[in-house]
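# Next comes the sequence, and after it the predicted model I'd like to discuss.
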Amino acid sequence: MHSRRSPLVVGLLVTVLVLAACGVEGSTEIPEPSESPAATEPVESEAPATASPAGSVGPVDLTVGLGYIPSVQFAPFYLAKQQGYYEDAGLNVEFQNRIDPDLITLVGQGTIDVGIGDGTSVIPAVSQGIPVRYLATIYGTYPSIVFAKESSGITTPADLAGKRLGTPGRYGSGWVALQAMLQSAGLTPDDLQIVEYPDFGQGAAVAADQVDAATGFANNEPVVLELSGTDAVVLHVDDVIALPGPGLIAGQKLLDANNPAVAAFASATLRAMSEIASDPQKGLDAAIKAVPELAGDRDKQLAILNATIATWAPPGGDATDFGAIDRDGWQASIDYLSRLGLVRNPVTVDGLVQSVGAVATD
């Protein structure tokens, strides 16, 4: 599907761009209280960052949670640190890699200061009482997709009827996106043959014709499939509903104590992001410096980075839309997740998103 919605992007909370990892399905699942007591009983941070970046106390320590594993998708963070942009902003930044549910819980606790959270994870989390706020859009185009070989004949969600579809499990951002696509065609998961791949092998399953299609990420599985010489078709949930993708999140306690530190981090990251958007090779070099094993296949890593850059802006948008919050999309997502039974207690857009103040980009 090649059409895109052109949402009215309003309520620009911060003109900032950061990057989330989209390497695994299930990155949006919020554990039930019985599975993770901390998810509903936030723990106070022992030492939140409270010094001003511009003050004389010294650098502000920020622990930043990046999703899953070190990846070329985190190139802006690596570049900002290597070039001293964080240091110049009065910050001492340390990275940690965690899966999305852990990040949201840890940011809410204050154990991690700033993190990456999928919008469709933040909504259920806040409804469960986890004190986090979404500060800026990272993936303006929702990255969770359904993909197939072009030879499959699948071009619309309606074409999935009766097909074998691979997915890691019935949870997470990919499952949410799949249900939205199916509903747009009057289908449910029961109209497909769902094959679960808990070890995230659904991409290889498509390549081997074990399934007809699969859930995945726009900057991952279809890129790998194309690099193998097989043309891919990608179905985007943005064509049927606006869902907020991964973005920058922080705990309410940190925002109350040191909003300027978060704004400084956002500004420094945006500077690196803008440079990489203009020169992807610069981002690749920074990623390889941070994660040397990526040098083993530079062409593949550059292809993944280019696909990631393509998702930063919203459908029909451009670089000027980076970081913007589509409030209409957030409300639509609240309504949709509520219908799925994923919103335990009522939430509002104002209770989910929060500005960290003006961010300079020069």
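Yes, it's here.

# drop to CA atoms for contacts and neighbour counts, all remaining ones
Noted.

# What is the neighbour count of I112?
Using other Cα atoms under 10 Å, I112 has 25 other residues around it.

# Run through this structure and note the low-pLDDT ranges.
1-57, 100, 318-321, 357-362 (pLDDT under 70).

# Okay, domains of it per the record?
The chain breaks down into these domains under automatic domain parsing: 37-141+243-339, 144-239.

# Tell me which of the ones you listed is the most buried.
Most buried of the domains of the chain, by mean neighbour count (mean count of other Cα atoms under 10 Å): domain 37-141+243-339, with a mean of 22.

# hang on, the earlier thing: in a markdown table: the domains of the chain, plus distance to T348.
Formatted as a markdown table, those follow (distance: least, Cα to Cα, whole Å):
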| stretch | distance to T348 |
| --- | --- |
| domain 37-141+243-339 | 8 |
| domain 144-239 | 20 |
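
# For S333, give me its contacts.
By Cα atoms under 8 Å, 6 or more residues apart in numbering, the contact set of S333 is 120, 241-244.

# Centre of the chain to the host helix or strand of it, how far?
If you go by DSSP states H and E, S333 is part of helix 327-339. Relative to its chain's centre, helix 327-339 lies at 17 Å (Cα atoms, centre = their mean, to the nearest Å).

# Then stretch 119-136?
Worked out by Cα atoms, centre = their mean, stretch 119-136 lies 13 Å from the chain centre.

# just the strands in the stretch 151-300 of the chain please.
Secondary structure of the stretch 151-300 of the chain (DSSP state E, counting those that start in this stretch): strands at 164-167, 193-196, 213-217, 232-236, 246-251.

# same for the first one, what does it pack against?
By that I understand strand 164-167. strand 193-196, helix 202-207, strand 213-217 (3 or more Cα pairs under 8 Å, 6 or more residues apart in numbering; DSSP states H and E).

# Could you dump these into CSV with distance to Q96 added?
CSV is the format used below for the helices and strands packed on strand 164-167 (distance: least, Cα to Cα, whole Å):
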stretch, distance to Q96
strand 193-196, 29
helix 202-207, 26
strand 213-217, 22
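
# right, so of those, which gets closest to Q281?
strand 213-217 (21.8 Å; Cα to Cα).

# quick one on the thing from earlier: out of the domains of the chain, which gets nearest to P346?
Nearest of those (Cα to Cα): domain 37-141+243-339, 6.4 Å.

# Grab the most central residue of the chain for me.
P246 (2.4 Å; Cα atoms, centre = their mean).

# Now the closest residue to it other than its chain neighbours. Its backbone dihedrals?
Distance criterion Cα to Cα, 6 or more residues apart in numbering; nearest residue to P246, sequence neighbours excluded, is D118 at 3.7 Å. Reported as degrees, to the nearest 10, the phi and psi values for D118 are phi -70, psi 140.
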